[in-house]
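K.L.:
Sharing a model prediction with you, sequence too.
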Amino acid sequence: MTMRRRTSLYPLYQGQPSVRCIDFAGWELPVQFAGIVKEHEAVRQAAGLFDVSHMGRFVVTGLFAEAYLQRLTTNDVAQLKDGFAQYSLLCSPSGGILDDLLVYRLSADQYMLVVNAANTAADLEWLREHLIGDVSIQDRTESTALLALQGPSAEEILIEASGPYANDHLPITSLAPFQFKADVTIAGASVLVSRTGYTGEDGFELYARAEDATELWRALLQAGASAGLQPAGLGARDTLRLEAKLPLHGHELSASITPLEAGLRAFVKFDKGSFIGRRALLTQLADGGPFRRVVGIEVLERGIPRSGCDVYTSSGVRAGHVTSGTHSPTLKRNIGLALLSAEYAETGTPLLVDIRGTQHKAAVVPTPFYRRTPFLPGR
């Protein structure tokens, strides 16, 4: 039997009576601590703390690092300045999505990439196959930890956790979305603090040495106890990201789905020049595509759409399939994302979703399903 990998925080939660761990991409990870709905609501109302150390982390170094990443990713790396990150995609030559990722510019010749756990090995192989010039890539997944502190109280909790170790809190409060600061002292540890996340809320992702993760986790939970901070697992992470219409690889994203079909054209910069997949994506547009689109749906009757459920028009024509679905804890509605033929993807289109052999009335609805109050720096 293959041994599942464990993050450096596993000893902290393995003995908790209410925690439930599952196999996720070869990692043994908590799907919930005290219940998915409770953890979901904590993130929307206060804050949640996630161990996401299973995500892959690579450091790309070299004089030609920018040119290399311009060739490999769809977004425009040249637009990044030191201390900023961007969402991007890795595509195959046929335009399919190999993975989505975050690209951090540490300096002109050094970048950090954060990729999906299930794709870490394949991504690393792909990236190494395309190395140019003096560019090198290191896998830092095992040597570092990644925690996500998410929710409207995240900033005040992070400030509290920095406590007497910090001279001032400007490195935290001054961060705008997709901006980061390295070497911030939190609970005595040196942390890269990034104002990013995967929940639709304000929050931070914290990169630290693996050996500092335990103390960092404990300090954050202690600092956030009075604010309602809850440890949260993969279950709440999924319902939160779905309400915010944040895509998940293997569902809304795959090698058979292009960024244009996934609704991610804003992260494909055709005018930056050549990149892997560009020609195929331009051809898709020139041919009148995309002919499929990922859209939001709502089941109007009792029934939760699940990944793989077939979707039909009201006249019985198959329109596509559900990629993700849940009962929204925030909105109290049965929502989902579906990959549909473009002719049936307009808002308001009536649909039927086959759930365990029974067709339920549904409709295409606007997304994101949930939108938080806009972030105001220094509020």
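P.N.:
Thanks, I have it. Numbering: from 1, shown residues only.
K.L.:
The residue lying closest to Asp51 once chain neighbours are set aside: neighbouring residues, count only.
P.N.:
Leaving aside its chain neighbours, Asp51 sits nearest to Leu9 (4.7 Å; criterion: C-beta to C-beta, 6 or more residues apart in numbering). Using the backbone N, CA and C atoms, a C-beta is placed for each residue, glycine as well. Residues contacting Leu9 under the criterion other C-beta atoms under 10 Å number 21.
K.L.:
How about Val59?
P.N.:
17.
K.L.:
list the buried ones in the worst-scoring helix or strand of the chain on mean pLDDT?
P.N.:
Across the helices and strands of the chain, the lowest-confidence element by mean pLDDT, DSSP states H and E is helix 170-173, at a mean of 84. For helix 170-173, burial by neighbour count (16 or more other C-beta atoms under 10 Å) applies to 171-172.
K.L.:
May I have that helix exported as PDB, CA atoms only?
P.N.:
Extracted in PDB, the C-alpha atoms of helix 170-173 (Å, rounded to 0.1, in the frame of the first residue of the first chain):
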ATOM      1  CA  LEU A 170       2.700  48.300   8.100                       C
ATOM      2  CA  PRO A 171       4.100  45.300   6.200                       C
ATOM      3  CA  ILE A 172       0.600  43.600   6.800                       C
ATOM      4  CA  THR A 173      -1.800  46.500   6.700                       C
END
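K.L.:
how about low-confidence regions in this protein?
P.N.:
For the chain, applying pLDDT under 70 flags the ranges 1-2, 164-168, 374-379.
K.L.:
Would you confirm that Ala200 contacts Arg237?
P.N.:
Just to correct that, residue 200 is Gly rather than Ala. No. The pair Gly200 / Arg237 is not scored as a contact, 11.0 Å apart, by C-beta atoms under 8 Å.
K.L.:
quick one: terminal-to-terminal distance for stretch 273-287?
P.N.:
For stretch 273-287, the first-to-last residue distance is 20 Å (C-alpha to C-alpha, to the nearest Å).
K.L.:
How far away from the center of its chain is it?
P.N.:
Centroid separation between stretch 273-287 and its chain, computed with C-alpha atoms, centre = their mean, to the nearest Å, is 25 Å.
K.L.:
neighbouring contacts of that stretch?
P.N.:
70-74, 90-96, 130, 258-260, 268, 270, 290 (C-beta atoms under 8 Å, 6 or more residues apart in numbering).
K.L.:
Any chance of a ChimeraX selection covering the buried ones in the residues you listed?
P.N.:
In ChimeraX, a selection of the buried entries from the contacts of stretch 273-287 looks like this (16+ other C-beta under 10 Å):
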select :70,71,72,73,74,90,91,95,96,258,259,260,268,290
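K.L.:
which helices and strands does the helix of greatest length in the chain pack with?
P.N.:
Ranked by residue count, the top helix of the chain under DSSP state H comes out as helix 213-224. If you count contacts as 3 or more C-beta pairs under 8 Å, 6 or more residues apart in numbering; DSSP states H and E, helix 213-224 packs onto helix 10-13, strand 48-51, strand 144-150, helix 154-162, strand 180-186, strand 189-194.
K.L.:
Buried residues, it. List them.
P.N.:
The neighbour-count check on helix 213-224 (16+ other C-beta under 10 Å) flags 213, 216-217, 219-221, 223-224 as buried.
K.L.:
Next SSE downstream of that helix?
P.N.:
Heading C-terminal from helix 213-224, the first helix or strand you meet, by DSSP states H and E, is strand 230-232.
K.L.:
Within the sheet, what are the partner strands of that following strand, with directions?
P.N.:
strand 48-51 (parallel) (DSSP bridges).
K.L.:
one step back: now flag whichever of the buried residues of helix 213-224 is closest to Val31.
P.N.:
Lowest distance from Val31 to those (C-beta to C-beta) belongs to Trp217, with 17.6 Å.
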